[in-house]
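S.K.: Okay, predicted coordinates and the sequence, questions at the end:
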Amino acid sequence: MTTVDSVQPSVEPKSGRDILRTVSLILVIVGLAISGYLSYVKLTEVPMICVANSTTFNCEVVQNSAYSRIAGIPIAWFGFAVYIILFGLLLLENRIEFLKQNGVLVIFGITLFAWLYSVYLVYLQFFVLKALCPWCLGHEATMTLIFIVTCLRLRNTMTS
């Protein structure tokens, strides 16, 4: 005689690592959407949707500043590339042996660099350009959240 418990598969609750990885994936998708829009605007040179009639927000000043390119390449394209790399690493993290062991550390290194550069870009907007781009700030806030989640993931990896 079998019991109902022995027939039903056991469903384990998601661990904190899985939840943080899922949060990272969601944030990366948000980052892809934002940086994708910024990349599209740079590629097609269409006017950017921005806050109208504002003295604080001026997307054109930020998007066309000397700081909006590195070696002639729009930084929006670099941001989009970083999000694609992070997305790929997160997807492959449980499938490739190297990433199973080192994936969180690799992702941490990338997000640390991207976050530090984002902090620099916020500084430029506030203190050098004296103009803000809501899209850029959205990207920088997203990267900050990804960095925080990655720090938590790294801490969990180190403590287990």
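M.R.: In hand now; what should we look at?
S.K.: now stretch 48-60: mean pLDDT?
M.R.: Per-residue pLDDT values across stretch 48-60 average out to 88.
S.K.: what helix or strand does A81 sit in?
M.R.: Element membership of A81 [criterion: DSSP states H and E] is helix 75-92.
S.K.: Quick one: residues contacting L27.
M.R.: Under the criterion of C-beta atoms under 8 Å, 6 or more residues apart in numbering, the neighbours of L27 are 142, 145-146, 149. No exception for glycine: its C-beta is placed from N, CA and C like everyone else's.
S.K.: Doesn't it belong to a helix?
M.R.: Yes: residue state for L27 (DSSP: H, G, I helix; E, B strand; the rest coil) corresponds to a helix.
S.K.: As a check, name the ranges of all strands in this protein.
M.R.: Taking DSSP state E to define them, one finds strands in the chain at 69-70, 73-74.
S.K.: follow-up on the earlier one: T159: which of the contacts of L27 is nearest?
M.R.: Of all the contacts of L27, T159 sits closest to V149, with 15.8 Å by C-beta to C-beta.
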